[in-house]
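Colleague: return atomic coordinates for the entry below.
(3 chains)
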Amino acid sequence: MVKKVFTANRSVAEAVKLAKPQVVPVYPITPQTTISEYLAQFVADGDLKAEYIRVESEHSAISAALGASGAGVRVFTATSSQGLALMHEILFAAAGMRSPIVLVDANRALSAPLSIWNDQQDTISERDSGWLQIYAENAQEALDAVLIAYRVAEDRDVLLPCMVCIDGYFLTHTVEPLDVPSQEEVDQFLPPYKPYAFLDPENPMSIGTFTDPEYYMEARYAIEEAMERSKEVIAKANEEFAEIFGRKYDFIEPYQCDDAEIIIVAMGSVCGTIKDVIDSLRDEGEKIGLLKLRVFRPFPTQEMKEVLEKASKVAVLDKNISFGMGGVLYNNIKSKTNADAYGFIAGLGGRDITPEYIKEIVAKTKNPTREIEWIGLKKEEV
Amino acid sequence: MVNIGACVKEPGSTRKNKTGSWRTFKPILDKEKCIDCENCVLFCPEGCINKDYDIDYDYCKGCGICAEECPVKAIKMERG
Amino acid sequence: MEIREEEFLAPGHRGCAGCGATVGVRLALKALGKNTVAVSATGCLEVITTPYPETAWDIPWIHVAFENAAAVASGVERALKTQGKDAQVVAFAGDGGTADIGLQALSGAMERGHNIIYICYDNEAYMNTGVQRSGATPYGASTTTSPPGKESFGEDKPKKNIPMIMAAHGVPYVATASISYPEDFMKKVQKAKEIDGPAYIHLHQPCTTGWGFDPSKTIELGRLAVETGSWILYEIEDGEFHVTYRPLQRKMVDEYLMAQKRFKHLTEEERERIQHNVDALCTELKI
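Modeller: Just a heads-up that it's a prediction; the model follows:
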């Protein structure tokens, strides 16, 4: 293990190098771009022995990744925002074909209006694709999540693709100190990839077939079962990860939740700011906690219930919006728990979520007037 | 149980599906007339005529390409 | 030429009686042999050959979507390469999956120089969805989205010239072919296999359902296209263009047009215009 100071994009690239995928089709897009550049350099320098495919679009990036995965090798790709939206069709195919692709998405707002800045609308909008989704709070988590993603996705009980979501700029372009594990440690954690079904002239199979109504539902049900089974696989991977690397992850990370009257739920980099605000509010005697959700798919319902249902009120921070319905995380929590929850839409298109905004969320949760509030709107522009 | 990813591990398994039942007209080859040109073998959409010019009626859909492409009219299409 | 007896596409597939696409695939696979991995775009071929839990393919096969056969093939080719496997990757896509929705992915794959063979089986419309016009639909043809009417004589644009667009990519091998000329086609497939780098073959393939002719006439229609000069068999090898088949005596285009329902509505004047266009190109190519 080596201490380094890296951006999350660099930490992701380091994780990919350690995971040793054999085919890497990537297409650059802000703010993912440096991932594609680091990987190109690693390959150019011979530090990553992979076929780097300079595809002409994100659609072809994921298509080539799926083809390569189908041919029996570990693959990696990365994208952001419009790129992920362009991949949309093939994301569903990858899950349906049970291809354990690992993809890192640099979370960015979706157009229009065009924005290169952060929110989580892009990955949240792909929540129904059958991909596992892990959200990282910092560069270390991003690196670690990529390794865990391969381990879980490739497990025979799962065989589903996994998306690691890192907030654009807040993580992708911010340097932080982190531990980069050694190749020996990673090899111990992540065994070589053994494909389930692959293209081999010695043993010909057809993959990506056509189904009529006799079989389609069963094939889709199998994805649901795999998603459910992945919970156990993730838990085991987290345990072994902790043993080898000394960092323990879970589906959720409660912070000061034990006696909390109000719990804020959030995902990704904003959790750091929220923890700071909680510290200062607690100094003033306010019992506030944070529930950081790390694994969004599969949704850890039981873990969430156990924490949230102890609080008298819950504030859910969404960096996304399902128009006419509120934030997606908020709606998921409302439908799966009995928490007295309120939804807050914040940080869209790179709008800063300041400590003041978080305090405003706490205040509005104490005395709710509306089910869903937009925080940080410029009243004069509305 | 549906295979993982709905993959099919048994190559050529459409052979289970006997498309001969689709047929209205049946090609009958007169081997005496046959000049061994292979046209019928190459042009059959089902690939169901072998090198000995035996027609596999289990699969023949009766399209009539073989009869049409036979240069010596050794194949006749008959009902049934 | 030596033609393999072995079949790599099984019967029992769900193609129409008289399907030209399966003839094309059979011939291509005979030329390529067992050590081949196939990629299909969504379309007739994919649907009729892999009705789960069955497959007609005796070689490894993958399908992902309509517009990405070339991109999927790119990934497959690199994955095989990194594993030290020397299987030939061949992609099959229809004219819609090639000339229209798949053109970007195809362009990317060709330009990147993957060692793949891409075969467009061109039946000149979207047949799988019920005969809608594609960029490869020829001038004057009636399709369900280019129907003749008071204000229309059918398709009003000439066929998009995909082989030349591929040639402009500078790929080492580009060829046109027809299912009705199996030796010519199979030789081209073998050449494409021998070449290191991308190869593109545009295979003309009559469709009984979409063009409106008796199923027994599939091969005859392909032949008429070539014998009338409506479809020209050529190859472009390292930039060198040459015609690979010249009809002894070119037939009148009418003979080809009138044998199909899709051109039946054309007036004499419109058919003459088509003949004129064919003559111009054939004169240029000395056919």
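Colleague: right, and the helix or strand after the host helix or strand of C:Cys120?
Modeller: Element membership for C:Cys120, per DSSP states H and E: strand C:116-122. Following the chain from strand C:116-122 toward its C-terminal end, the next helix or strand by DSSP H and E is strand C:148-149.
Colleague: quick one: the helix or strand following that next one to chain centroid distance?
Modeller: Toward the C-terminal end, the helix or strand that comes next after strand C:148-149 (DSSP H and E) is strand C:152-153. Here the centre of strand C:152-153 is set off from its chain's centre by 26 Å, with Cα atoms, centre = their mean, to the nearest Å.
Colleague: run through the neighbouring helices and strands of strand C:152-153.
Modeller: Strand C:152-153 sits against no helix or strand, with contacts defined as 3 or more Cβ pairs under 8 Å, 6 or more residues apart in numbering or on different chains; DSSP states H and E. No exception for glycine: its C-beta is placed from N, CA and C like everyone else's.
Colleague: got a list of contacts for that strand?
Modeller: Contacting residues not belonging to strand C:152-153 are listed as C:Gly140, C:Ser146, C:His265, C:Leu266, C:Thr267, C:Glu270 [Cβ atoms under 8 Å, 6 or more residues apart in numbering or on different chains].
Colleague: and the residues you listed, which two are furthest apart?
Modeller: C:Ser146 and C:Thr267 (16.1 Å; Cβ to Cβ).
Colleague: which of those two has more neighbours?
Modeller: Set side by side, C:Ser146 and C:Thr267 give different neighbour counts by other Cβ atoms under 10 Å in any protein chain shown, the larger being at C:Ser146 (21 against 11).
Colleague: OK, contacts around that one?
Modeller: Applying Cβ under 8 Å, 6+ apart as the definition, the contact partners of C:Ser146 turn out to be C:Arg133, C:Thr137, C:Ser152, C:Gly154, C:Glu155, C:Asp156.
Colleague: ramachandran angles for the closest residue to C:Ala70 other than its chain neighbours?
Modeller: Leaving aside its sequence neighbours, C:Ala70 sits nearest to C:Ala109 (Cβ to Cβ, 6 or more residues apart in numbering or on different chains; 3.7 Å). Comment: the main-chain dihedrals of C:Ala109 come out as phi -70, psi -40, following degrees, to the nearest 10.
Colleague: and of the contacts of strand C:152-153, the nearest to A:Asp144?
Modeller: The closest of the contacts of strand C:152-153 to A:Asp144 turns out to be C:Ser146 (Cβ to Cβ; 56.2 Å).
Colleague: which residues of the chain fall in helices?
Modeller: Since no chain was named, I'll use chain A. Taking DSSP state H as the criterion, chain A carries its helices at A:8-19, A:33-44, A:58-70, A:81-96, A:121-124, A:139-153, A:183-189, A:216-245, A:270-283, A:301-308, A:328-336, A:355-366.
Colleague: correction: the question concerned chain B.
Modeller: With DSSP H as the criterion, chain B has helices spanning B:39-43, B:65-69.
Colleague: quick one: mean pLDDT over the first one.
Modeller: Mean per-residue pLDDT for helix B:39-43: 98.
Colleague: now the last one
Modeller: For helix B:65-69, mean pLDDT rounds to 98.
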